[in-house]
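Asker: for reference, the sequence and a predicted model appear below.
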Amino acid sequence: MEMGLVFRRSNFGLNSVQVYVYREKLAKEYNRMSVILMEESNNFALCAEYLEKAQILGELYPEVVAVTYNNLACFFRKKGQHRTALNYLQEALNVEKT
C-alpha cells in the first residue's frame, strides 16, 4: 500500500493532488484494518502500528483524525486502559466540533 504513495510522490511531487488524495485513502484503509484486527484478533502490536500510520498519514484530514482518535479509544478500551480511551474520545469530539 505504501508503495503507491511512494510512486505518486516520485511521479507527481510531494504537494500534488494525487499524493494528497492517496494519503487520505491510505489513512482510511489503515483505520479500517485496525478495526478488523481489534474485532477478530488480539494482535495489539499490529493494530497499534496501523493506528500510528493512520495518525501520520491522516493528519491533514479532520474527518480521518477524528476517526483515528475514535479507533485509538477503542484500542485502549480493549486493552483495559480506560482513562486513555476516554482522552482519545474527548480528542475525537474536539475535532468534530471544529
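Answerer: All right, it came through fine.
Asker: residue at max distance from the center of this structure?
Answerer: Relative to the C-alpha centroid of the chain, counting by Cα atoms, centre = their mean, N11 is the outermost residue, at 24.8 Å.
Asker: ok, now which ones touch that one?
Answerer: N11 makes contacts with Q18, as judged by Cβ atoms under 8 Å, 6 or more residues apart in numbering. Every C-beta, even on glycine, is put in place using the N, C-alpha and C of the backbone.
Asker: how about the residue nearest to the spatial centre of the chain: what's its closest non-neighbour residue?
Answerer: Nearest to the geometric centre of the chain sits A54, at 2.5 Å (Cα atoms, centre = their mean). The spatial neighbour of A54 that comes closest, neighbours along the chain excluded (Cβ to Cβ, 6 or more residues apart in numbering), is Y30 at 3.9 Å.
Asker: tell me which other helices or strands the host helix or strand of that neighbour touches.
Answerer: For Y30, the host element (DSSP states H and E) is helix 17-40. For helix 17-40, the helices and strands in contact under the criterion 3 or more Cβ pairs under 8 Å, 6 or more residues apart in numbering; DSSP states H and E are helix 2-12, helix 44-58, helix 62-78.
Asker: for the first one, list every residue counted as buried.
Answerer: This means helix 2-12. 5, 8-9 (16 or more other Cβ atoms under 10 Å).
Asker: pLDDT of it, averaged?
Answerer: If you average the pLDDT over helix 2-12, you get 90.
Asker: any idea of the angle that helix forms with helix 44-58?
Answerer: The directions of helix 2-12 and helix 44-58 differ by 20 degrees, with axes from the mean of the first three to the mean of the last three Cα atoms, to 10 degrees as the criterion.
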